[in-house]
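[1] Requesting a structural model of the entry that follows:
(one chain, ligands or ions: 3)
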Amino acid sequence: MKVKNIKAYGAEASDAAVEPLEIKRREATPKDVELEILYCGVCHSDLHFVRNDWGFSVYPVVPGHEIVGKVINVGAEVSKFKNGDIVAVGCLVDSCRSCGNCKKDLEQYCPEWVGTYGSHDKHLDLPTFGGYSESIVVDEHFVLTIPKNLDLAGIAPILCAGITTWSPLRKWNVGKNSKVAVVGLGGLGHMAIKLASALGAHVTLISRSPNKIKDAMDLGADQVVISTDEAQMEKVQNNFDVIIDTVPYAHDINPYIGTLSTDGTLVLVGYLGPLDPMLNSIPMIMGRKTVAGSLIGGIAETQELLDFCGEHNIISEVEIIKIQDINEAYERMLKSDVHYRFVIDMASLKS
Ligand code: NAP
Ligand code: ZN
Ligand code: ZN
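    Numbering: from 1, shown residues only. Ligands and ions are numbered 1, 2, ... in the order given. Here you go, the predicted model:
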């Protein structure tokens, strides 16, 4: 297979900074689309991967799975895209296409799904490399069409922060009569508020940060509950149909179970790992409450979300950065100082 060397930014080890690297990309096969990357969102998962928080990173890590780019080359069998199209790539670049989950458009739960970075590349014997790079080559099945009316940098975070919150909102049938709570106002949290609000739900932000109250209301929340204030938490007992918990690190979810209504579901999308402290089953059993998890979304559902965002004029609130500022952006992310998604202008990679 023909390969070419391209410019990227990545980390060589869990204690290394994200720095310039050269990586190999395959040349487009007949079914591939090659994009010049214009914008790439910065997800907290990028930081988890760079620092090996989950213990399965393979180095070098070139993060980035919220990609908007311009098509610069298409294989002979590509039918959906042509040179010059502005398109998107999210968290998935391949799957088996034949298992039960793939047939149900749930590629994210395919046992052979290939993540945009940090997975094994089926074409080259290398890890997959993400969007902190000049260009990417992706099978057309995993390339998405974007609405023409939206700002390109603001679209990028829809590809992960958006779909990760949209998928559980849809799975748990959120609509006009739903009461939804979102825990944590960062990249995922701000998209969850916008999307749940656009679906017609009554939306509550549960946050540690009183300084984010006004922003949450501007984003579409109907109220904000400060999680450390017992009186405020007491007022929302037995209240929510769905809670989307976006907190990235181990935290006590027991106080949130009390705020679920009977048959309510708390969906963990943030923290990956054993709960600490443990989950107390008593309020779950006494109230028929559910704790669930959810991973990104499939390709068809991501396209559905992009179309919905086009119709409702929804984009992410972004702070545009240069690739050279990525390490500082990670430090700010660790301090919850993101309003509400960093997006890298990839033109900076050329400078
Ligand atoms: P983010 O922008 O850093 O936002 C996380 C928010 O959680 C913070 O703004 C903060 O909100 C709150 N928070 C942070 N640390 C906390 C702590 N120790 N205790 C309580 N609250 C805390 O992160 P993100 O990009 O939205 O990602 C959130 C998590 O989702 C990450 O772990 C990421 O890896 C994961 N993720 C999962 C999927 C999936 O498919 N399931 C997809 C993408 C990302 P407040 O200041 O409002 O409290
Ligand atoms: Zn992500
Ligand atoms: Zn499959």
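[2] Most proximal residue of the stretch 151-300 of the chain with respect to ligand 3?
    Residue nearest to ligand 3 within the stretch 151-300 of the chain: G298 (10.4 Å; C-beta to the ion). Heads up, the C-betas are built off the backbone N, CA and C, glycines and all.
[3] what's the domain layout of the protein?
    According to automatic domain parsing, the chain comprises the domains 3-160+297-350, 161-293.
[4] Now do the end-to-end distance for the longest one.
    Okay, so that is domain 3-160+297-350. For domain 3-160+297-350, the first and last residues are 20 Å from each other (C-alpha to C-alpha, to the nearest Å).
[5] and it, how far out from the chain's middle?
    When C-alpha coordinates are averaged (C-alpha atoms, centre = their mean, to the nearest Å), domain 3-160+297-350 and its chain have centres 10 Å apart.
[6] Make TSV out of the domains of the chain and add mean neighbour count.
    Formatted as TSV, the domains of the chain follow (neighbours: other C-beta atoms under 10 Å):
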stretch	mean neighbour count
domain 3-160+297-350	19
domain 161-293	19
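[7] want to throw the ones you listed into CSV with mean pLDDT?
    As requested, these are arranged in CSV below (pLDDT from 0 to 100):
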stretch, mean pLDDT
domain 3-160+297-350, 98
domain 161-293, 98
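[8] nearest to ligand 1, of those?
    domain 161-293 (1.7 Å; C-beta to the nearest ligand atom).
[9] so how far is the first residue of that closest one from its last?
    15 Å.
[10] who in this structure is up against ligand 3?
    By the rule C-beta under 5 Å from the ion, the part of the chain lying against ligand 3 is S95, C96, C99, C102, C110.
[11] Just those: which are in helices?
    Members of the residues of the chain next to ligand 3 lying in helices (criterion: DSSP state H): C102.
[12] Just name the closest of the residues of the chain next to ligand 3 to L124, please.
    The closest of these to L124 turns out to be S95 (C-beta to C-beta; 17.5 Å).
[13] Regarding the residue nearest in space to the middle of the chain, what are the backbone dihedral angles?
    The residue lying closest to the centre of the chain (C-alpha atoms, centre = their mean) is C160, at 2.3 Å. Backbone geometry at C160, expressed as degrees, to the nearest 10, gives phi -130, psi -60.
[14] I'd like the distance between it and ligand 2.
    C160 sits 3 Å away from ligand 2, going by C-beta to the ion, to the nearest Å.
[15] got it, and N327?
    18 Å.
[16] Leaving out chain neighbours, which residue sits closest to L106?
    G298 (5.0 Å; C-beta to C-beta, 6 or more residues apart in numbering).
[17] Ramachandran coordinates for the one you found?
    According to degrees, to the nearest 10, G298 has phi -80, psi 180.
[18] correct me, but I136 touches C40?
    No. With contact defined as C-beta atoms under 8 Å, I136 does not count as touching C40 (9.6 Å).
[19] which residues does the residue nearest to E317 when sequence neighbours are not counted contact?
    Excluding the flanking residues, the one nearest E317 by C-beta to C-beta, 6+ apart is Y340, at 4.6 Å. By C-beta atoms under 8 Å, 6 or more residues apart in numbering, Y340 lies in contact with L185, G186, G187, G189, H190, D215, L219, S316, E317, V318.
[20] likewise N254?
    P277, L279, N280, P283.
[21] Adding distance to ligand 2 and secondary structure as columns, could you present those in TSV?
    Output for the contacts of N254, formatted as TSV (distance: C-beta to the ion, whole Å; DSSP: H, G, I helix; E, B strand; the rest coil):
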residue	distance to ligand 2	secondary structure
P277	27	coil
L279	25	coil
N280	30	coil
P283	31	helix
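[22] can you list the residues you listed in a markdown table and add distance to T204?
    A markdown table is the format used below for the contacts of N254 (distance: C-beta to C-beta, whole Å):
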| residue | distance to T204 |
| --- | --- |
| P277 | 23 |
| L279 | 21 |
| N280 | 22 |
| P283 | 19 |
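[23] Between all of these, which two are separated the most?
    Of all pairs drawn from the contacts of N254, the widest gap by C-beta to C-beta lies between P277 and P283 and measures 13.8 Å.
[24] mind listing the strands in the stretch 51-200 of the chain by residue range?
    67-74, 86-89, 92-94, 114-115, 135-139, 144-145, 179-183 (DSSP state E, counting those that start in this stretch).
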